[in-house]
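Asker: Have a look at this prediction, sequence included:
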Amino acid sequence: MSAPPRVLTVAGSDSGGGAGIQADLKTMLALGVHGMSVVTAVTAQNSLGVQGAWELPAEAVRAQYRSVVDDIGVQAIKTGMLASAELVEAVAELIGGTDAPAVVDPVGVSKHGDPLLAASALDSVRTKLLQVATVATPNLDEVAQLTGVLVESESGMAEAAAAVLSYGPRWVLIKGGHLPGDAVDLLTDGSEEHWLRAPRYDNRHTHGTGCTFASAIASQLAKGQTVPEAVAAAKEYVTGAIAAGFALGGGIGPVDHGWRFRADGGA
Ligand SMILES: Nc1ncnc2c1ncn2[C@@H]1O[C@H](COP(=O)(O)OP(=O)(O)O)[C@@H](O)[C@H]1O
Ligand SMILES: Cc1ncc(COP(=O)(O)O)c(N)n1
């Protein structure tokens, strides 16, 4: 049996299992690749919010990364919560020295508004991390934090994309999930524009959407798809996962990473 493509997530742990490393590995399993992880931080987190967060030393992050990349090898990388400027810079350097596409989800705050990245790290994200990204996947709050561009409707998304592209990622995917109406995202490399549109599901259980989307893109890239193909396939997967999101705990439940496996979940 030949080994499946290998995908590495560099992200924080979500004890509730809906976002972060846990969402990434579940997505990778669902999409048929071998998932591996570099843990950057541990959060105590559930459906109500983030109760605590502890970042790992940069040395522990570097050691995990080297263990995976030097022996097993990777066909794609995804980054999520990086917590501090020191970790952002360490990860940017590691990715810059690895020959694999990188999907950078510039995670800033959780769905509950709890900070997952120090304000002092924003500059390192702009000048170091975005430069090594094959695809950057900011939501509209992250666009505002990183570029100062406030998007209030679909018509503002192209300006936001140009502002993010000025920091050097090959492609940017502006996620419009926080706007009212259809769930519309814009993927562009500055010359091609791809609009991705899905119905908005009236489901509050959306914990982990961003992590799931970025991991799905990385999984599809590892299988050899182009960026536009990978993003289109990942949008279909995340949309299905949001449609099937379920209540858990007393707050915002997770998307369903296993929706395609369930008898009633479709193919
Ligand atoms: N209620 C919803 N119904 C369908 N798609 C959604 C919904 N909310 C978000 N999305 C989609 O989920 C993906 C993640 O987007 P978004 O919620 O903007 O990012 P983040 O999880 O990083 O905040 C995007 O493709 C967005 O369009
Ligand atoms: C450890 C960790 N990483 C990332 C997120 C963002 O989650 P979302 O995918 O909902 O934006 C989170 N809540 N926790």
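Answerer: Sure, I can see it. Numbering: from 1, shown residues only. Ligands and ions are numbered 1, 2, ... in the order given.
Asker: contacts, neighbours, all on C-alpha from now
Answerer: Noted.
Asker: And the residue of the stretch 51-200 of the chain closest to ligand 2?
Answerer: residue 110 (4.2 Å; CA to the nearest ligand atom).
Asker: ah, wrong one, I meant the chain
Answerer: For the chain, CA to the nearest ligand atom, closest residue to ligand 2: residue 208, 3.2 Å.
Asker: Report how many residues lie close to the nearest residue to that residue once chain neighbours are set aside.
Answerer: Excluding its sequence neighbours, the residue lying closest to residue 208 (CA to CA, 6 or more residues apart in numbering) is residue 19, at 4.0 Å. Burial of residue 19 is recorded as 28 neighbouring residues (other CA atoms under 10 Å).
Asker: Which residues are in contact with residue 19?
Answerer: Counting by CA atoms under 8 Å, 6 or more residues apart in numbering, residue 19 touches 13, 207-209, 211-212, 254.
Asker: So which of these belong to helices?
Answerer: 209, 211-212 (DSSP state H).
Asker: and stretch 145-158, how far from the chain's centre?
Answerer: 19 Å (CA atoms, centre = their mean, to the nearest Å).
Asker: change the start of the numbering to 23 and stick with it
Answerer: Okay, using 23 as the starting number, the last item reads as stretch 167-180.
Asker: Name the residues of this structure found near ligand 1, please.
Answerer: Within the chain, the positions near ligand 1 by CA under 6 Å from any ligand atom are 161, 197-200, 205-207, 221-225, 231-232, 257, 261.
Asker: right, is the lengthiest helix in the chain up against ligand 2?
Answerer: Using DSSP H, we find that the single longest helix of the chain is helix 249-265. No. Helix 249-265 is not in contact with ligand 2 by CA under 6 Å from any ligand atom; minimum separation 10.7 Å.
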